[in-house]
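Enquirer: predicted model, plus sequence, below.
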Amino acid sequence: ALISLRQLLDHAAEHGYGVPAFNVNNLEQTRAIMEAADETGSPVIMQASAGARKYAGAPFLRALMEAAMREFPHIPVVVHQDHGVSPAVCQRSIQLGFSSVMMDGSLGDDGKTPMDYDYNVRVTRTAVEMAHACGVSVEGELGCLGSLESGQAGEEDGIGASGTLTHDQMLTDPEEAAAFVKATGVDALAIACGTSHGAYKFTRPPTGDILAMDRIREIHARIPDTHLVMHGSSSVPQEWLEIINEFGGDIPETYGVPVEQIQEGIRHGVRKINVDTDLRLASTGAVRRFLAQNPSEFDPRKWLAESTRAMKAICVARYEAFGSAGNA
Ligand code: G3H
Ligand code: 13P
Ligand code: NA
Ligand code: ZN
């Protein structure tokens, strides 16, 4: 059944768990997310980016999400728009029946230019007024996602600040966060705490705190009733990188966010954790391996089933690690 992000995250806060938000673009991702949720008894956040709408087409994407709820009516599902770059994009998603939208006013409507606080408040406030009138939740973002190691936003093809970011830009300020939530009325707030989008987050194996954990604690202490969101939270599984490279791929050494650090974030108010890259890596590795090992196979259902299986295993692991398993 369709529920709003607010409903789900209020429950998550009350019971101290986090919910992975997986990006969907196609049937295989949708099935992986739902079958994993069904097996673990987890509620679901499936999110679609503007890129997903372009890839699948809005009506197909919407139909996939509706089909998910029809096949698994007992699972609570939030249908969320990821990284809306303007109130107009949010409005379109509300019309399509999404129960939650992200208004990312940290960047301009090109999805690249870092914008100032007043612009962010203005567009986010507009999106909140529109969405709340329709019973739809809103996620805002304050601060710019970027790797503290490199100062780079890190995303090649999607949303991400251009140029090198300053240390301050990459860490959300707790006082500003409090003022932002008050001025906009957002239901959840994406914070910048040292993560970045995509596979290339860190060049060395993460040891100790690679996230600004103190900053997460300070923000949560200042706005304890606001649900925090972590973007760029893929863990970049080394075993999938090895499989990709063993079967013809070429991905350089790279590391993501360890699950244990996300769990520490969940202990300090993080409720929604965005994961896209990990499913992309698992899907690609599984398909490369299958086709290399079965060179005469040409039924796409065979290799697409491998993709679904691999993505589903990641979903199961995240539902369990973040504690949403058993809360459907
Ligand atoms: O925020 C970025 C997400 O990973 C979505 O990526 O815009 O390529 O669909 P995308
Ligand atoms: P990853 O690239 O780390 O999976 O992050 C996805 C994300 O934040 C989508 O909004
Ligand atoms: Na989002
Ligand atoms: Zn994101």
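Expert: Okay, I see it. Ligands and ions are numbered 1, 2, ... in the order given.
Enquirer: does Ala325 touch Asp38 like I think?
Expert: No. Here Ala325 does not reach Asp38: they are 11.1 Å apart, not a contact under Cβ atoms under 8 Å. The C-beta positions use only the backbone N, C-alpha and C, and glycine is treated the same way.
Enquirer: out of those two, which sits in the busier spot?
Expert: Ala325 (20 against 15; other Cβ atoms under 10 Å).
Enquirer: excluding chain neighbours, what is closest to that one?
Expert: Distances taken as Cβ to Cβ, 6 or more residues apart in numbering place Thr40 nearest to Ala325, at 3.9 Å, with adjacent residues excluded.
Enquirer: how about Leu281?
Expert: Of all residues not flanking Leu281 in the chain, Trp240 sits nearest, at 4.5 Å (Cβ to Cβ, 6+ apart).
Enquirer: then Ala292?
Expert: Phe247 (4.3 Å).
Enquirer: quick one: contacts for the one you found?
Expert: Shown in contact with Phe247 (Cβ atoms under 8 Å, 6 or more residues apart in numbering): 285, 288-289, 291-292.
Enquirer: for the longest helix belonging to the chain, name the packing helices and strands.
Expert: Ranked by number of residues, the top helix in the chain under DSSP state H is helix 300-322. Where contact means 3 or more Cβ pairs under 8 Å, 6 or more residues apart in numbering; DSSP states H and E, helix 300-322 is packed against strand 19-23, helix 27-40, helix 259-266, strand 270-275, helix 277-293.
Enquirer: out of the ones you listed, flag the one nearest Ser106.
Expert: Closest approach to Ser106 among the helices and strands packed on helix 300-322 (Cβ to Cβ): strand 270-275, 14.2 Å.
Enquirer: pLDDT value on Gly158, please?
Expert: pLDDT recorded at Gly158 is 68.
Enquirer: tell me what the residue nearest the centre of the chain is bridged to.
Expert: Nearest to the mean C-alpha position of the chain, by Cα atoms, centre = their mean, lies Asn274 at 2.0 Å. Per DSSP bridges, the residues bridged to Asn274 are Ala21.
Enquirer: residues contacting it?
Expert: Contact analysis of Asn274 by Cβ under 8 Å, 6+ apart lists 20-21, 23, 47, 82, 229-233.
Enquirer: how close does it get to Thr226?
Expert: Per Cβ to Cβ, to the nearest Å, Asn274 is found 17 Å from Thr226.
Enquirer: go on, Ser162?
Expert: From Ser162 to Thr226 the distance is 28 Å (Cβ to Cβ).
Enquirer: secondary structure element holding the closest residue to Leu27 other than its chain neighbours?
Expert: Take Leu27 and drop its neighbours on the chain: the residue closest to it by Cβ to Cβ, 6+ apart is Leu64, 6.3 Å away. Leu64 is part of helix 58-71 when elements are defined by DSSP states H and E.
Enquirer: how about that helix: buried residues?
Expert: With burial defined by 16 or more other Cβ atoms under 10 Å, the residues of helix 58-71 counted as buried are 61-62, 64-65, 68-69.
Enquirer: please apply the same query to stretch 172-189.
Expert: 172-174, 177, 180-181, 183-184, 186-189.
Enquirer: now the two most distant members of those residues.
Expert: Asp173 and Asp187 (20.2 Å).
Enquirer: partner strands of the helix or strand where Met102 lies, parallel or antiparallel?
Expert: Met102 belongs to strand 100-103 when assigned by DSSP H and E. Next to strand 100-103 in the sheet, as set by DSSP bridges, lie strand 77-84 (parallel), strand 137-142 (parallel).
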